[in-house]
Structures are given as structure tokens and as C-alpha cells.
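In: sequence plus the predicted model coming up.
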Amino acid sequence: MNSVGHIAHGLWTHPRDRSEDYRRLGYWTELARTLERGKFDGLFLADIVGVNDVFGQSPEAALQESVQVPINDPLLLIPAMAAVTQHLGFGVTSNVSYERPYLFARRMSTLDHLTEGRVGWNIVTGYLDSAARAHGLTEQIRHDERYDMADDYMDLVYKLWEGSWEDDAVVRDRAGRVFTQPGKVHRIVHDGPFHKLDAIHLSEPSPQRTPVLFQAGGSERGREFAATHAECVFINAPTSELNAFISADIRARAVRHGRRADDIKVFAGAIVVVGATEREAREKYEDYRRYASPQAGLTHFSASTGIDLSTYGLDDPIRYAPTQAMVSAVESITQRSPEKVWTVRKLLALMELGSRTAAIVGSPEQVADELQARVAHSGIDGFNLMRTVTPESYVDFVDLVVPVLQDRGVYKRDYAQGTLRHKLFGEGAKLPTRHAGAARRYDAATA
């Protein structure tokens, strides 16, 4: 996240943490080089367009603890990081509830050109009332309606990316003084329930046309959206069993939509604290824990669920209540949790590093064992590695864990050539024909 605090809250106070340098390009270009050295598939940039002000009905706690505020635009970081890398992909979050689709489609095409096909888009619908108020609304749009709006949004941008310009529209004919053949650029007319448009796409076809599509909705409606649109899905359930259920459910739904189960890569959230030995890792964890802020984690979790946890006593059971925030986050501690009852005290105990994701702590071999076990038992393809003390946590993983995984033959030793989509799926640069977006490609025979 283009901010100080992201998931593991409070660790910006650690003396070795450099996350307060998020305003400087050098912070990001150094991180990009580190991840490419470690053969990471990509750097994923989360984002919110409001503030976490549910806890105490005020932004005070979020501002004091830097819980995802201040926060800058994530898209602007990508060209600088792309300039110092050759293979690293970049997944960037953009909110379909508030970003106008026509100009957003141009920005993503621009990034796809500048990165030579290394960009992905994390599709979110938002979950904060503060974001709704910032955009002139009185409250958050209802959860399922946001996904209905997102379906319409996707149909529109598919038409722009896939159907407006034919592959051979641009000829760059200096002698003939023709840069683009006008007859091969087509006007898009979209008259959907939420969005209307009559225009041509402003950008010529980029290497991937449609960026690699990421999504992270774990609710019933979110999983249906993922099955239709997503190529990569992030999940962060509290147990391997629930991760396995969500993975299997999304893939089964995708098959019903005419896709293949392996058209979707699933990545689980993970926090790793690793040392050369188990003892060193445990000591590092205890060191981190002294600087982390479980209370700031409550501030973040209140915003995610829409439940003001400041109104609960330490041992009051947290009750299920319908909200318009992250439905899956609410369900994770009420209806789907193996814990019979969640309380604020239990959440604080879980949030030792300021995050509700418990850390994997151990030697390189122990961490590798646990990662492999989670892949085997959860039906996932890999991990979304969350930062703790930065950049130290990524440097440690690259230097200590990656070599073990490589020696075991479960982690690549070098990048494949091609676009981000090609690297992840081993197919072409563009959406496969069985994806919903491919149906919006221009077809001269039916035009």
C-alpha cells in the first residue's frame, strides 16, 4: 500500500522500519529490485479511497496509528518500478464504485504499454462509508448492488480494451502518412444499467489489452463475481479448511461459466518472520511484537467489518450483523469461524503483530514446510506475502526462504519470458477465448 501502515499495524515504529519513506521513489524502486531478485511474480498494491473511521466513529485512531492513512495514489508508483525491473509484475487496486471507466481504461492501457505487459488490476467495489461520503453519497452503496455495478463496469471496459481497436489498426506508415487506419478503430456504444458510453478507446492496443484481473471478494456475491471475471484471487480465511472451500467454490463456479478450473490462480495471505535458525526467528518475532499495535489492528478490523469494536467490552461476544462493508470479514469471525465465540480479547491476542493474520515463524526450512503444507491442504497456488518491518521482511524472505524453496523444486529459478499473463498461466498475452471479456473482441464477420 502506498502508505505507512498496511496490514501489520504499528511496526512503522520499529527502528529498522523504513515505511515512513513511502513518499520517496527510492523506497519503491529498491523494493522492486529486491522482489525481482527473489523471482517474485509481482508486487501487489492495495488501496482504499476513504479512511478507517468506524472504530470510535472517528478517524482519530487511524490517524494517530497510521492505519492506512496518510495514503497516496498507487498507480503513480508503477512506471518508476517498471523502469528498474524487467520481469516483475504489478497488481494495482482501483475502485469501480468511484473511478470513471473511460479514463480508467486509458490509464490501464498506458501502464500496460509502459510496463510492456506487466500490469494487473485488482478490482474492488469499496467497503467504507467514508469513501462514499467523499464522493458525494450519504452512505455506502449496498454490498450486492456494488457487484451489480461492477459487472456493468467490466462489460464496458472489456469493450474498450478488446473491441475498439483491431490488432492491425496501427500501421505507422511514414511514407503513406497513415499512423492509424480509421476503418479499423470502432466506436463503442454501451447502454448498461449503471454506465453509458459512446466513444472510441483513446489508447492503441497494449501488449495484454485487458490487464491481468485480480479480485479478493470472499462473500457469496464476491465469489460469483470472481468466477466470472477474475484470473487471480486473493483469500485470507482463518483456516486452511475455509481457504480450501473458497478456492474450490470459486473454481466450480468458473467451470459453470464455461471456464477451466485452472483459469484461476488462488493466493492466500501470509505473514512470515524468518531467521537463520528457529531461535533467531523467535527472537525476531518477540522484537517485532514489542513495536506492533493490536489496538491499531482493531481500528482496521472495525472498518473492514463495519462493526465499531470500541463499543464492545473485552469479553463481549462479537455478534453477526448485516453491514455494507466486507461481508466475508464479518462472516469470518461469526458464521464461518471454528471458534464458537469471538471477543475483542481474542482478537487482540490474535493481533500480536497488529494483524489478524497469524505469522509463520521459524527457520527457512520450517517456513518452507509450512508454506508447502498450506498449498497441499488449501487448494491454493501461492501466497500474497504481507510486509512487517520493511524492507527487512522481504529481504529476509528472498535471502533465506526462496533458496530453500528453489532447492526443493517448488519455486522458479528464473522468469519465463512474456507478459504477466503469460508468466502466470503459460498461455498467450491476451485473455483466453473462454473468458467473458474475450467475447467483446471485435469480429469483422459479425460487425
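Out: Nice, I can see it. None of these values were measured; they are calculated from a predicted model.

In: the bottom helix or strand of the protein by mean pLDDT?
Out: Least confident element among the helices and strands of the chain, by mean pLDDT, DSSP states H and E: helix 327-332 (a mean of 56).

In: can you name the element that comes right after that helix?
Out: Where DSSP states H and E defines the elements, the next helix or strand beyond helix 327-332 is helix 344-350.

In: ok, and what's touching that next one?
Out: Helix 344-350 is contacted from outside by 294-295, 297-298, 301, 309, 312-316, 318, 333, 339, 356, 358, using CB atoms under 8 Å, 6 or more residues apart in numbering. For the C-beta atoms, the positions are set from N, CA and C on the backbone; glycine is no exception.

In: check contacts around residue 165.
Out: 184-186, 200-201, 204-205, 442.

In: which of these scores worst on pLDDT?
Out: Ranked by pLDDT, those bottom out at residue 442 (93).

In: leaving out sequence neighbours, find the closest residue to that residue.
Out: residue 163 (4.7 Å; CB to CB, 6 or more residues apart in numbering).

In: now do residue 402
Out: Closest residue to residue 402 apart from its sequence neighbours, by CB to CB, 6+ apart: residue 38 at 5.0 Å.

In: could you give the number of residues near the one you found?
Out: A count of neighbours around residue 38, defined by other CB atoms under 10 Å, yields 18.

In: where's it relative to residue 29, distance?
Out: With distances taken as CB to CB, to the nearest Å, residue 38 is found 15 Å from residue 29.

In: same question, residue 260
Out: Note on residue 260: its distance to residue 29, by CB to CB, is 37 Å.

In: residue 157 now?
Out: 29 Å.

In: and those two? Which one has more around it.
Out: residue 157 (27 against 17).

In: does that one touch residue 105 like I think?
Out: Yes. If you go by CB atoms under 8 Å, residue 157 and residue 105 touch, sitting 4.8 Å apart.

In: where do the helices of the stretch 301-447 of the chain begin and end?
Out: Assigned by DSSP state H, counting those that start in this stretch, the stretch 301-447 of the chain shows helices spanning 327-332, 344-350, 364-378, 392-396, 402-407, 420-425.

In: equivalent analysis for the stretch 151-300 of the chain, please.
Out: Assigned by DSSP H, counting those that start in this stretch, the helices in the stretch 151-300 of the chain fall at 220-229, 240-256, 278-291, 294-305.

In: span of stretch 218-234 from start to end?
Out: 9 Å (CA to CA, to the nearest Å).

In: coming back round to it: report the buried members of the contacts of residue 165.
Out: Applying 16 or more other CB atoms under 10 Å to the contacts of residue 165, the neighbour count classes 184-186, 201, 205, 442 as buried.

In: quick revisit: quick one: least confident of the contacts of helix 344-350?
Out: Among the contacts of helix 344-350, pLDDT bottoms out at residue 333, giving 55.

In: just give me the neighbour total for the closest residue to residue 310 other than its chain neighbours.
Out: Sequence neighbours aside, residue 56 is the residue nearest to residue 310 in space, at 4.5 Å (criterion: CB to CB, 6+ apart). By other CB under 10 Å, 16 other residues sit near residue 56.

In: appreciated, that's everything.
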